[in-house]
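Asks: just coords:
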């Protein structure tokens, strides 16, 4: 019984040192990810700001654009459902 407790015993300094090394490794990997993602975020930030200003300045044109996008999405989903209805095997799938 004593050997088992001796193996599981780790000094507090060892635990702190291993946690510190894990934290440093996590910080370096997070820094690398942050550098890579921040450039992409800046690239997306600029068009979103421009589109936001255009949406405020041109509400009728922007609402027309949204209607066109939603109508295309509805037409594409209708075609997909039509094709799926004839390709499925049973009646249970065609009713959905």
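Replies: Structure received. Model, not experiment: these values are computed from the prediction.

Asks: Domain-wise, how is the chain divided?
Replies: 1-57, 59-96 (automatic domain parsing).

Asks: worst average pLDDT in the ones you listed?
Replies: Ranked by mean pLDDT, those bottom out at domain 1-57, with a mean of 70.

Asks: where's residue 31 relative to residue 82, distance?
Replies: Residue 31 sits 50 Å away from residue 82, going by Cβ to Cβ, to the nearest Å. To be clear about C-beta, it is placed using only N, CA and C from the backbone, and glycine gets the same treatment.

Asks: swap in residue 74?
Replies: The spacing between residue 74 and residue 82, counted by Cβ to Cβ, is 13 Å.

Asks: before we move on, what about residue 62?
Replies: From residue 62 to residue 82 the distance is 31 Å (Cβ to Cβ).

Asks: Over to residue 52?
Replies: 37 Å.

Asks: do residue 53 as well
Replies: 40 Å.

Asks: Tell me, how many residues neighbour residue 88?
Replies: Residue 88: 13 surrounding residues under other Cβ atoms under 10 Å.
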